[in-house]
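J.: Structure for the following, please:
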Amino acid sequence: MRVVVQRSKNARVTVADEITGQIEKGLVLLVGVTHEDKEEDAHFLAEKIVNLRIFEDEEGKMNRSLLDVGGEILSVSQFTLYGDCRKGRRPNFMEAARPEQANQLYETFNRSLREKGVSVETGRFGAMMDVELINDGPVTLIVESK
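T.: Here you go, the predicted structure:
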């Protein structure tokens, strides 16, 4: 699994002009699944992400986690994270998991985040979505399970 983590002041995702998820301070997660991923990958990444020390403490150092600051998560599935652009001009998405497997692991990932006491909002799996956010910092990281 591959997750783009963006620290955010606020964010929302809409599908066909309907807001499906919205958060204040926290993290926007763009979540990609490859066909080799298992449930252990989802649990590993959930644990890793909620404990990443990427929020500032009173001295301005990135020393606090999402759990420490009581932040929220906006989780958005994104198969294009496994697009291979090395050859040609059109990305190859052969490394992205089939929708059935990807959706199952995406849901497992979100459930694992919630089990850690985090409020999780989502987009809609497989839908065309508009994602708006104010990236705080900006802080953007890529976290992978492999």
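
J.: thought Glu121 was touching Asn110?
T.: No - using CB atoms under 8 Å, Glu121 and Asn110 do not qualify as a contacting pair, with a distance of 9.5 Å. All C-beta spots, glycine's among them, are computed from the backbone N, C-alpha and C.

J.: Can you pull the residues that touch both of those two?
T.: Ser75 (CB atoms under 8 Å, 6 or more residues apart in numbering).

J.: which residue of this protein sits farthest from its center?
T.: Going by CA atoms, centre = their mean, the residue of the chain most distant from its centre is Gly88, 27.9 Å out.

J.: host element of that residue?
T.: Gly88 is part of no helix or strand when elements are defined by DSSP states H and E.

J.: what separates it from Val3, distance-wise?
T.: Gly88 sits 26 Å away from Val3, going by CB to CB, to the nearest Å.

J.: Pick out the residue nearest the middle of the chain.
T.: Closest-to-mean residue, the chain, CA atoms, centre = their mean: Leu29 / 1.9 Å.

J.: residues contacting Met128?
T.: Val15.

J.: and after the helix ranked longest in the chain, which helix or strand comes next?
T.: Longest helix in the chain, counting residues (DSSP state H): helix 99-115. Downstream of helix 99-115, the first helix or strand assigned by DSSP H and E is strand 120-122.

J.: For that following strand, which strands pair with it and how are they oriented?
T.: Paired strands of strand 120-122, with direction, are strand 72-77 (parallel) (DSSP bridges).

J.: ok, residues contacting the strand it pairs with?
T.: Residues contacting strand 72-77 (CB under 8 Å, 6+ apart): 8, 11-13, 21-33, 49, 66, 102-103, 106, 109-110, 113, 118-123, 125-126, 129, 131, 133.

J.: now with 6 Å?
T.: 11, 13, 21, 23, 26-31, 106, 110, 113, 118-123, 125, 131 (CB atoms under 6 Å, 6 or more residues apart in numbering).
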